[in-house]
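S.K.: One predicted model, sequence on top.
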Amino acid sequence: MYVCTLSEQSEESVHTDNTYQSFSNFNSISMKQYAVIHGVCGLYEGYSDTTCEFFPKRGFADKHIAQILDDYRKDDMCVNIDHASADAVYVTMDRDPDNYKACVPSDMDHDDYVAEHMDDVSVEVFQVIELDVSRYEGSGTTEHMWLTWDQQDTCVAWDYYPLCMSLVARVSSDVVDNDQSVHGLEQLGEFISSVYYRNEAFIDIDDYTMHAFRIPKKLKTDE
C-alpha cells in the first residue's frame, strides 16, 4: 500500500483515512483511480458515516479491504462475510451472533434474517469503484470531479463524475423538484457549502439520500 507523508503542503490533496494529505512535485496524473466505499447499507444506524478512500492502483484498494476484513473476522459480532462480486463485499454484523446461527439458513435466507432482526443487525458494504480521471489531465480548472453514492440503494448514484458546479446544479434541481420544505432547503444549503468548503457532502431528504466525495487530482504512487 502506498505511504502518505505530510511534508510539503500544496493546494492539491489526497483523501486517506478521512483526511486530505497534500503532495508537491508530482508531475503526472494516472488516468485511473480506485475508490473504496465503506458504509452501512440502506438507512440503518450510522448510514451517514459512509466514507470513501482513494488509491492509485487496484491492488492497493484490494489490500486495504483485505486488511479490514481480517479485523472483522476477529469480531464476534461479524456473522457473515459475502464476497458478492469482484468489486463488492458485504459484512453482516449482529449484536447477538447466536441469532444468526439459529435462523440462517435453516429458517430463512439472509435478507429475510436481516429484515426481521433490523434492530440488532446491520450490513456493511465495501465497494471498489474504478474512476477515469483523465478529465484532470492538463486541465487548469480549479473545480474537482465528484463521486456520488446512493445511500438507500447502496450503489453509485450517477454514471458520471460531475464538477462542482454541475453537482450543485443537479442536486439543487432535484431538491426543488421534490422537496421545497424548510428542512429540504436547509439540507440543500448545507450540501452546497460542503461542496465548496469540504471534501465530502451529504444530503438526506425523504427518499433522496446521497453522499458525494471529492475525487483528488493527485495521488502519490509507490514509484
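M.R.: Perfect, I can see it now.
S.K.: what sits against residue 83?
M.R.: Listed by CB atoms under 8 Å, 6 or more residues apart in numbering, the contact partners of residue 83 are residue 89. For the C-beta atoms, the positions are set from N, CA and C on the backbone; glycine is no exception.
S.K.: I meant to write residue 72 there.
M.R.: Residues near residue 72 by CB under 8 Å, 6+ apart: 78, 81, 91.
S.K.: for the second one, what are its contacts?
M.R.: In this structure, residue 81 makes contact with 69, 72-73, 89-92, judged by CB under 8 Å, 6+ apart.
S.K.: Show me what it is bridged to.
M.R.: For residue 81, the beta-bridge assignment (DSSP bridges) gives partners residue 91.
S.K.: cool, residue 37 as well?
M.R.: residue 52, residue 127.
S.K.: how much space between it and residue 175?
M.R.: 23 Å (CB to CB, to the nearest Å).
S.K.: measure stretch 92-99 end to end?
M.R.: Chord length of stretch 92-99, first to last residue, is 12 Å (CA to CA, to the nearest Å).
S.K.: Not counting its own residues, what contacts it?
M.R.: In this structure, residues lying in contact with stretch 92-99 by CB under 8 Å, 6+ apart are 75-82, 100, 110, 113-114, 117, 120-124.
S.K.: Just the mean pLDDT for that stretch, thanks.
M.R.: Averaged across stretch 92-99, the pLDDT comes to 91.
S.K.: do the same with stretch 188-197
M.R.: Taken as a whole, stretch 188-197 has a mean pLDDT of 96.
S.K.: now swap in stretch 37-46 and tell me
M.R.: Mean pLDDT, computed over stretch 37-46, is 92.
S.K.: what's in contact with it?
M.R.: With contact meaning CB under 8 Å, 6+ apart, stretch 37-46 is reached by 47, 49-53, 68, 90, 118, 122-127, 129, 149, 151-152, 154, 209, 211.
S.K.: Filter those residues down to the buried ones.
M.R.: 47, 50, 52-53, 90, 122-127, 129, 149, 151, 154, 209, 211 (16 or more other CB atoms under 10 Å).
S.K.: In the protein, where is pLDDT below threshold?
M.R.: Residue ranges of the chain with pLDDT under 70: 1-30, 220-223.
S.K.: What ranges does it have for its strands?
M.R.: In the chain, the strands defined using DSSP state E lie at 13-16, 19-22, 32-40, 51-55, 78-82, 88-94, 121-132, 145-150, 155-156, 200-205, 208-215.
S.K.: of all these, which lies closest to residue 167?
M.R.: Residue 167 lies closest to strand 145-150 among these, at 5.0 Å (CB to CB).
S.K.: just checking, what packs against the closest one?
M.R.: Judged by 3 or more CB pairs under 8 Å, 6 or more residues apart in numbering; DSSP states H and E, strand 145-150 is in contact with strand 32-40, strand 121-132, strand 155-156, helix 164-178, strand 208-215.
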